[in-house]
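Q: sequence and computational prediction follow.
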Amino acid sequence: MNYLQLFRANTKVLTFGILMVFFSSFGQTFVVSLYIPSFVKYFDITSGFFSGMYALATLLSATTIVFVGRKIDHVPLRSFTLFVVFGVILACLVTAFSWHLAVLFLGVYALRFFGQGLCMHTAATTMSRYFVKVRGKALSISFLGFPMGEAVFPLLVATCIGILGWRETLGVSAVLVALVLLPLAIFLLHGLSREKINEGIGDEEKKEAFTKEAEGKLWKQQEVLRTPWFYLFAPTIFLVGFMQTALFFFQTYIADFKGWSTEWMAGSIVGYAVTSFLSSLLAGPLIDKYSARKLFPYILLPLGCGILVLSVSSHPLITPAYWMIVGITGGMNSAVMSALYAEVYGTRSLGTVRSLFAFVMVVSTALGPVVYSFFLGYGFDFDQIHFGLVGVILVNMIIILWYQSIRKQK
């Protein structure tokens, strides 16, 4: 089935996936960072203080996901989704009405936990569990919500903050989730079951695929941590979250270091959104044809090439080229990694498995800005940091390819 056929045959569940990823934007760095100047001014704190608070809230979010994320394996999807959606609404409201730094911290933590964490977790787990033969395409479609959110929310939120104020914008965000995501999620999940999924295969083939996955292993988190696959996957997941968060977080500082205007840097991010969108669409067919295992070793390659291009020149035309190359990893990563978990660990305990890797991802997004700041504080510049990270990426790729070759020989 091509994308159009797949979407027409499974409109409800795929729309659900897109919406959950799209509304995860309220907890993503590219939206939360827009409120930083307002937080700094109102609470009379420094941007450095807020960065530390943001990192701590993100780390706490990552820890919580390990325990809460696995519940999707044991409770009805509709109940788990309602919990997540109400959590996003509550997070926006708590942040909007924060009068003390402690309340602001709680609000930011909730935005990261329910938005960045559980919204993405719910969408990816659902697509991976409900689809078998076209899992890659289903994941690619659902993750289109991410570039859609990048294209819509930064401009919308920034405009609302300028016109209404930061508290009012967060209040509007809560209302938007309540009036759009909540009723749509209830409607889209009504009567949904795996048996109703149409993958363009016969009933017998579908039954055989479901039976095979139903007979798969039930994993406990301690067992996942004892598998070599966890330690093979975790560094790649960490590096993607670590670097992409830091690149967005320090975009204005990188522009200043390179001698580019902030407007030029921000405008060039459109290139990231375009290639992220296109590579996400490309990832699905590649996963279904070759498997996520074969694509996995090369996920970091575009990201490494992108920061290498950024480091070797300061010409203004490098800016869109750098963002476009980095966007390839951004678009393919989520679909490939989500499919990879299902291929290696099966789908019976997918929530349990994904919650551990979600922990790694969220921790990496917290540490990215912190580690960059540490090296910058010790006199390293952005080019030196990025040359070092290119080396780390190469070593990581070599280890993955070596391990996979050893597995084939066995």
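A: That came in fine, so what should we check first?
Q: now do the buried residues in stretch 301-309.
A: Neighbour-count burial for stretch 301-309 flags 302-309 (criterion: 16 or more other Cβ atoms under 10 Å). To be clear about C-beta, it is placed using only N, CA and C from the backbone, and glycine gets the same treatment.
Q: do the same with stretch 291-299
A: 292-293, 295-297, 299.
Q: right, and Thr169 touches Val157 too?
A: Yes. Counting by Cβ atoms under 8 Å, Thr169 does reach Val157; the two are 6.1 Å apart.
Q: quick one, what contacts Gly17?
A: 123, 126-127, 138, 141-143, 145 (Cβ atoms under 8 Å, 6 or more residues apart in numbering).
Q: what sits closest to Cys160 if chain neighbours are left out?
A: Here the nearest residue to Cys160 in space, its sequence neighbours aside, is Thr169; by Cβ to Cβ, 6 or more residues apart in numbering that works out to 4.1 Å.
Q: quick one: contacts of the helix or strand where the one you found lies?
A: If you go by DSSP states H and E, Thr169 is part of helix 166-176. Identification of contacts with helix 166-176 by Cβ under 8 Å, 6+ apart yields 26, 35, 38-39, 42, 89, 92-93, 95-97, 157, 160-161, 164.
Q: quick one: residues contacting Trp161.
A: No, residue 161 isn't Trp; it's Ile. Contacts of Ile161 (Cβ under 8 Å, 6+ apart): 34-35, 38, 169.
Q: give me the three-state assignment for the closest residue to Gln384 other than its chain neighbours.
A: Nearest non-adjacent residue to Gln384, counting by Cβ to Cβ, 6+ apart: Phe375, 7.9 Å away. The three-state assignment at Phe375 reads helix, by DSSP: H, G, I helix; E, B strand; the rest coil.
Q: again with the one 5 residues further on
A: Under three-state DSSP, the three-state class of Phe380 is coil.
Q: I'd say Ala55 and Ala366 touch.
A: Yes. Judged on Cβ under 8 Å, Ala55 makes contact with Ala366 at a distance of 4.4 Å.
Q: who's more crowded, those two?
A: Comparing Ala55 with Ala366 by neighbour count (other Cβ atoms under 10 Å), the higher total belongs to Ala366, at 24 against 18.
Q: how much space separates that one from Ile398?
A: 27 Å (Cβ to Cβ, to the nearest Å).
Q: after the helix or strand bottoming out on mean pLDDT in the chain, next one along is what?
A: Using mean pLDDT, DSSP states H and E, the weakest-scoring helix or strand in the chain turns out to be helix 203-214, at a mean of 59. Per DSSP H and E, the first helix or strand lying C-terminal to helix 203-214 is helix 221-225.
Q: for that following helix, packing partners?
A: helix 350-377 (3 or more Cβ pairs under 8 Å, 6 or more residues apart in numbering; DSSP states H and E).
Q: average pLDDT across the next helix or strand after the helix it packs on?
A: Next helix or strand after helix 350-377 toward the C-terminus (DSSP H and E): helix 382-409. Mean per-residue pLDDT for helix 382-409: 89.
Q: and helix 382-409, how far out from the chain middle?
A: Averaged C-alpha coordinates place helix 382-409 at 22 Å from its chain's average position (Cα atoms, centre = their mean, to the nearest Å).
Q: next, the angle helix 350-377 makes with it.
A: Inter-element angle recorded for helix 382-409 and helix 350-377: 150 degrees (by axes from the mean of the first three to the mean of the last three Cα atoms, to 10 degrees).
Q: give me the buried positions along whatever helix or strand Asn333 lives in.
A: For Asn333, the element it lies in under DSSP H and E is helix 318-345. Residues of helix 318-345 classed as buried by neighbour count (16+ other Cβ under 10 Å): 318-345.
Q: spit out the contact partners of the nearest residue to Ala246 once chain neighbours are set aside.
A: Nearest residue to Ala246, sequence neighbours excluded (Cβ to Cβ, 6+ apart): Gly368, at 3.7 Å. For Gly368, the contacting residues are 241-246, 249, by Cβ under 8 Å, 6+ apart.
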